[in-house]
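[1] requesting a structural model of the entry that follows:
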Amino acid sequence: MRRNYQKNVFINCPFDKEYYSLLRPMIFTLIYLGFTPRIALERFDSGEARIHKIIEIIKECKFGIHDLSRLKSKTRGEFYRLNMPFELGLDMGAKIFCNKFKNKRYLILEKEPFRYQAALSDLSNSDIKTHKNDARTLIRNLRNWFSENGVQNIESATAIWYKFNDFMSDFYESRKKQNFSDEDIYEIPIPEYVNSIKKWLIAQSD
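    Down below sits the predicted model:
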């Protein structure tokens, strides 16, 4: 079992640009609370099958965050997204079928309450949290979930939200000074974004 298992958090979410408005505050919140976000986008190797990478990450994480908000297609003829419920099943299966993962904890997120039951009736009566596609609500969900799972002395969700906005403002301004375009900033790789958060938080603590 990986050395940082107790602090690793598997993020299972959509990777489209529209979701960046939630993914960025999610990653910031996890790092701010002292956890390590683990996500398939943390490394890119065309020779590596994504499913193998996801299984590896799941085995290295005590916590899992699974956002099912793309279960329903938006337009006629569009396919709904099955990757997220599939990866949730892998994470749940690890806990159920492997004794060394019995202490795993996972949070299921959705855009709206009860909607997921129409697509995944097996999850009926499961506790989930809804974010309404709102970043501030998402941060509150994450903060409260960790508190409910034994993490103590956590700042308020409002304080974390303000910190996130301070970071994003500094992050944007510093990159513009380095001649990054808005598109460059928006599409910055996840490892680079994570490293920027860590450096910023260290600077804030000095």
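
[2] do a quick rundown of the strands in this structure.
    8-12, 36-38, 63-67, 105-110, 129-130 (DSSP state E).

[3] got JSON lines for these, with mean pLDDT too?
    Formatted as JSON lines, those follow (pLDDT from 0 to 100):
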{"stretch": "strand 8-12", "mean pLDDT": "97"}
{"stretch": "strand 36-38", "mean pLDDT": "97"}
{"stretch": "strand 63-67", "mean pLDDT": "96"}
{"stretch": "strand 105-110", "mean pLDDT": "94"}
{"stretch": "strand 129-130", "mean pLDDT": "92"}
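
[4] out of the ones you listed, the one nearest residue 87 is which?
    strand 8-12 (4.4 Å; CB to CB). C-beta coordinates here come from the backbone N, C-alpha and C atoms, glycine included.

[5] can you check what angle separates the closest one from strand 63-67?
    Angle of strand 8-12 versus strand 63-67, following axes from the mean of the first three to the mean of the last three CA atoms, to 10 degrees, is 20 degrees.

[6] partners of strand 8-12, with directions?
    strand 36-38 (parallel), strand 63-67 (parallel) (DSSP bridges).

[7] contacts for the longest one, please.
    For strand 63-67, the external contacting residues (CB atoms under 8 Å, 6 or more residues apart in numbering) are 8-14, 19, 22, 26, 35, 58, 84, 87-88, 91, 104-110, 131, 142, 149.

[8] do the shortest one as well
    Residues external to strand 36-38 that are found in contact with it (CB under 8 Å, 6+ apart): 4, 7-11, 26-27, 30-31, 57, 60-61, 194.

[9] now, among those, which is nearest to residue 158?
    For the contacts of strand 36-38, the closest approach to residue 158 (CB to CB) belongs to residue 26, at 16.7 Å.

[10] burial of the closest one, as a residue count?
    Applying other CB atoms under 10 Å, we find 25 residues neighbouring residue 26.

[11] neighbours of the residue nearest to it when sequence neighbours are not counted, how many?
    Excluding its sequence neighbours, the residue lying closest to residue 26 (CB to CB, 6 or more residues apart in numbering) is residue 138, at 6.2 Å. By other CB under 10 Å, the residues close to residue 138 number 25.

[12] quick one: residue 138 from residue 195, how far?
    Here the distance between residue 138 and residue 195 works out to 22 Å (CB to CB, to the nearest Å).

[13] one more: residue 66?
    Applying CB to CB, the value for residue 66 to residue 195 is 25 Å.

[14] so which of those two has more stuff around it?
    Taking neighbours as other CB under 10 Å, residue 66 and residue 195 compare with residue 66 leading, 21 against 11.
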